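In: missing the sequence, but the structure's below:
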């Protein structure tokens, strides 16, 4: 399975929206960096005594991207934290990390389903259900809407499942909708070729022929063309030991 275009560090995936490695979107007009599903504090929420290494890694990545693009603001597209209930030590560490990030750019938090009823206000402060930037509506994506502006969302944790079982985060871009991959390293994601993903896109009035897939890995992006083209290519490529059939497992978002 080969990319439709050469690997790159950044590429336009929708009008005015640039995908950048390792997995954020850039809106040049407003100088806004868009990040999705960081799930800060994950280790504390699920394990208590584990170090918050993913929180440190995610915030360091955003710091580097903010400096690279001279970002004016960073918008988190929901699920900023893994859950609102965490230890005081973890909450303080996240607060310190976010405060250091504010030295690079202003921070805007969209509320996601993982923030819970409090919308994460105790840890994050003010959150929004959605905002508008550069003619795009920025929202988490757990509640599809057919009216108003085109949207940039997270929530789905899109990923590309490769032959052999490996997965890589992926962008989905179309004129109506951009889906930004999850920054958390703990999610194997929702297979972009799965029926679950196609149903999720249809809820936003997006069909496979209009959606393009860009895999994100470390410092490079790999554009694979339209979702319809990718589906056709993989159906024609048997996985090892599959006896002529490519098998894949559909994954649920936020898992």
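Out: Perfect, thanks for sending it. Treat the numbers as computed from the prediction; the structure is a model and nothing was measured.
In: by contact count, what packs against the helix or strand hosting residue 43?
Out: Residue 43 is part of helix 42-47 when elements are defined by DSSP states H and E. Packed against helix 42-47 by the contact rule (3 or more CB pairs under 8 Å, 6 or more residues apart in numbering; DSSP states H and E) you find helix 53-69, helix 88-102. Quick note: C-beta positions are derived from backbone N, CA and C, even for glycine.
In: What lies in contact with the last one?
Out: Residues from elsewhere that reach helix 88-102 (CB atoms under 8 Å, 6 or more residues apart in numbering): 40-41, 44-45, 52, 55-56, 59, 62-63, 66, 74, 81, 107, 122-124.
In: ok, 7 Å please
Out: Residues from elsewhere that reach helix 88-102 (CB atoms under 7 Å, 6 or more residues apart in numbering): 40-41, 44, 52, 55, 59, 62-63, 74, 81, 107, 123.
In: first vs last residue of stretch 106-114, how far apart are they?
Out: End-to-end distance for stretch 106-114, by CA to CA, to the nearest Å: 22 Å.
In: mean confidence for it?
Out: For stretch 106-114, mean pLDDT is 95.
In: What residues sit buried inside it?
Out: Neighbour-count burial for stretch 106-114, counted by 16 or more other CB atoms under 10 Å, picks out 107-112, 114.
In: Can you tell me the closest non-neighbouring residue to residue 5?
Out: Closest residue to residue 5 apart from its sequence neighbours, by CB to CB, 6 or more residues apart in numbering: residue 223 at 4.2 Å.
In: my guess is the one you found meets residue 11, correct?
Out: Yes - look at residue 223 against residue 11 with CB atoms under 7 Å: they come within range, at 5.8 Å.
In: show me the contacts for residue 129.
Out: The contact partners of residue 129, taken as CB under 7 Å, 6+ apart, are 111, 139.
In: Start the count at 377 instead of 1 going forward.
Out: Okay, using 377 as the starting number, the last item reads as residue 505.
In: how close does it sit to residue 565?
Out: The spacing between residue 505 and residue 565, counted by CB to CB, to the nearest Å, is 24 Å.
In: Relative to residue 591, which of the helices and strands packed on helix 418-423 is closest?
Out: The minimum distance between residue 591 and the helices and strands packed on helix 418-423 falls on helix 429-445, with 16.9 Å, by CB to CB.
In: Poorly predicted segments of the stretch 427-576 of the chain, please.
Out: Applying pLDDT under 70 to the stretch 427-576 of the chain flags the ranges 493, 522-524.
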